[in-house]
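Visitor: Sequence first, predicted model second:
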Amino acid sequence: MNRLPFWPTAAITFCALVAFALLATLNGAADLGLRQGLDALFLGAGDNAGILWDIRLPRVAIGILVGIHLAISGHLLQSATRNPLTDPNVLGIAGGAMLAVMIFLLITVYWGQTDGSKLTSYPLAPLPFVALFGGLVAASLTYLIAWRAGVTPLRLVLAGIAIGITFQALGLGIFAAWGSTRMETVLLWLSGSLYARGWEHALHLLPWTIAGLLVLPVMVAKLDLLSIGDDAAATLGVNVGAIRFSAIALATVLASSAVAIVGPLGFVGLITPHAARRLVGSALAKSLPISALLGALLVTLGDLIGRIAMPPAEIPVGAVTALIGVPVFLMLLGRRT
Amino acid sequence: MTSLPSAASASRIDARRCTSSLRVTGLVVAGLVVLGTLAIGGLFVGGVATPVPVVIDALLSRSAGPEAAILWKLRIPRELLAMLAGAALACSGVVMQGVARNPLASPDLTGVLTGASFAIVVFYVFVPSVPAIAHPFIGLAGGLLAGGTSLLIASAGGLSPVRLALAGSAVAFFCAAGITTALVHAGPTVASVFFWLTGGLAGRGWHHLTILMPWAITGLCACAVLARPLDLLALGDEAAGTLGLNVSFWRLTGALTAIVLSVGVVAVAGPIGFLGLCIPHIARSVIGVRHQVLLPVAALLGAIALLAADTLARTMAAPRELPIGVLTAIVGGPFLIHMVWRRTA
């Protein structure tokens, strides 16, 4: 299959991302014309500048960051396990992060709280750490259960699915047992939504993005070697166990921090690596950046569709990405025999 | 002389068959005793304490007080519902595993439960005038679509457990996203839909039993017919075909039966996870693989499991209700994980 050259592909994807981000910023319940919107955006003119800068722009920014997180996380997991059908959801990481955040929210926010008006706000700073804890627990459990004289990709997937659905059932059940009258906040978070996310959310996510992106170049070359098989990579001097472990750990960190801010977003991490590999080939140095761009594009687009499909109601972006991603995934699964 | 050994071995086989049927009878009797004890014990406990003489009075309809109403309108129908739903889910799992010849096939992991829920939620939210009695039919459509999709996609590669689990969980994820989208439009009814979605029997009564009854009874009767074909299917398609079995017909009938059994339960109790997956395995490890005994034993175990879970759910934090989904996940989750861990492949 003919591969596209890297730089033009990256440039086109980037331009598409910028275009859709701009569209997402200008489009919304309060409809601004193109001219008015651009004025407000770049010159800070008019009453609309507030709407754009404080409400829509952070939302778009978070969407982009989350898309990058999930796409890189999925790509790392697929390379590390040499299994194209894994992502943070399949391996149970999202389920673990979700359960941890729910327990944390219920204990800190809802415990003994009778004043309904206070329930809509929740502490933000600890969330990524809590989610990371849950994600790490889930990932280690998955790894341990799959371990039997080494980890085979198939066992890893089975173990991840088992862990994921267990944690998810526990999370939902605990949530329902609480029976709070103010469940909308958590429900909206649960469905994976960018609704009402502001700059503070973006600021709590950004350090994780930067840290993740800084670590990434260190492991890319070695991770690439894993694709030729464990034994062959070992003869080339790669510490297979260590590199696989650190890739899964980094993927867990990226996915968990994203889940902490927007809730579980399905299938972004699963399908974007496939698209990226198909576009520019499977070498990580090329496909990983494209993957990240596509992930950002997918989340931005999903959020835009969710907002304009049935106004004034909003479809959570998690639902949109799942509705797009699942058919693609099923096609991939059906083709592999 | 030559006939002696064969006679001896024949009598040994007879003896073995005799002990095994004794064992089955013993197990079934023990199961019925446990079920009966649970059911009777459950009558005495709950949000309102009902001492023994009061219960006996109410049962013999010698009193018409609030206790009698609690028993006849709340606890008794709910217990019957739990037993029937548990049996239906367990048999659904057995049949699905037999048809797919796959240890992970179950109403949960093929997406049937979520698919049925999705269809019902859509109608509940957008066409609220549809009566509850029609919900199983709507659920059937959703369950068929979801289960059919995941089974078809998984069977393209020989229906391996991993493929089935992946396809099923993707389909379930899709349906869950659909449910979320529908819930966005649910408005004030969102809380009631959400509680139904976590699965449970809180507040269910005779009315719900009449909704479930035709589906569960039809499915359980179909199971009686399916026992023999399922045994043959276990031998493999070719062998079963050689023995005169119309493989594709019985496979389709089996899948349909399994889906019918579970959509009735979804319509009245919401998606109750893990039972349809775990009970068949427990039953198989206790009694073996012959479906003629496996199906009734699984039904019995399923009834016991759901009755016990429901009794715990309504008593542990009384007067609040715990969602059954948590209880089945606490027990069923580790079981599933253990199953994955034990697999050598």
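Guide: Perfect, I can see it now.
Visitor: List the residue ranges of the stretch 101-250 of chain A that fall below the pLDDT cut-off.
Guide: Counting by pLDDT under 70, the ranges of the stretch 101-250 of chain A that qualify are A:109-122, A:149-151, A:177-188, A:191.
Visitor: which residue ranges form the helices in it?
Guide: A:127-146, A:153-178, A:184-190, A:199-226, A:230-235, A:240-262 (DSSP state H, counting those that start in this stretch).
Visitor: could you dump these to CSV with mean neighbour count and distance to chain B?
Guide: Heads up, the C-betas are built off the backbone N, CA and C, glycines and all. CSV is the format used below for the helices of the stretch 101-250 of chain A (neighbours: other CB atoms under 10 Å in any protein chain shown; distance: least, CB to the nearest CB, whole Å):
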stretch, mean neighbour count, distance to chain B
helix A:127-146, 22, 5
helix A:153-178, 24, 3
helix A:184-190, 19, 7
helix A:199-226, 16, 20
helix A:230-235, 13, 18
helix A:240-262, 24, 13
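Visitor: Is any residue of stretch A:291-300 near chain B?
Guide: No. Stretch A:291-300 does not reach chain B (CB under 8 Å from any CB of the partner chain); its nearest approach is 14.2 Å.
Visitor: What are the contacting residues of that stretch?
Guide: A:10, A:13-14, A:16-17, A:20-21, A:24, A:60, A:63-72, A:74-75, A:265, A:268-269, A:271-273, A:275-276, A:317, A:321, A:324 (CB atoms under 8 Å, 6 or more residues apart in numbering or on different chains).
Visitor: out of the helices of the stretch 101-250 of chain A, which comes closest to residue B:198?
Guide: helix A:153-178 (4.0 Å; CB to CB).
Visitor: now the angle between helix A:240-262 and that closest one, please.
Guide: 30 degrees (axes from the mean of the first three to the mean of the last three CA atoms, to 10 degrees).
Visitor: Return the angle between stretch directions for helix A:153-178 and helix A:127-146.
Guide: Going by the same axes, to 10 degrees, helix A:153-178 makes 130 degrees with helix A:127-146.
Visitor: by contact count, what packs against helix A:153-178?
Guide: Counting contacts by 3 or more CB pairs under 8 Å, 6 or more residues apart in numbering or on different chains; DSSP states H and E, helix A:153-178 is packed against helix A:93-105, helix A:127-146, helix B:161-184, helix B:190-197, helix B:324-342.
Visitor: need the residues of the stretch 201-345 of chain B near chain A, please.
Guide: Contact residues, the stretch 201-345 of chain B versus chain A (CB under 8 Å from any CB): B:273-274, B:317, B:320, B:322-323, B:325-330, B:332-334, B:336-337, B:339-341, B:343-345.
Visitor: Now, of these, which are buried?
Guide: For those, a neighbour count by 16 or more other CB atoms under 10 Å in any protein chain shown gives the buried set as B:273-274, B:322-323, B:325-329, B:332-333, B:336-337, B:339-341, B:343.
Visitor: Return the distance of stretch B:74-90 from the chain's centre.
Guide: 10 Å (CA atoms, centre = their mean, to the nearest Å).
Visitor: All set, thanks.
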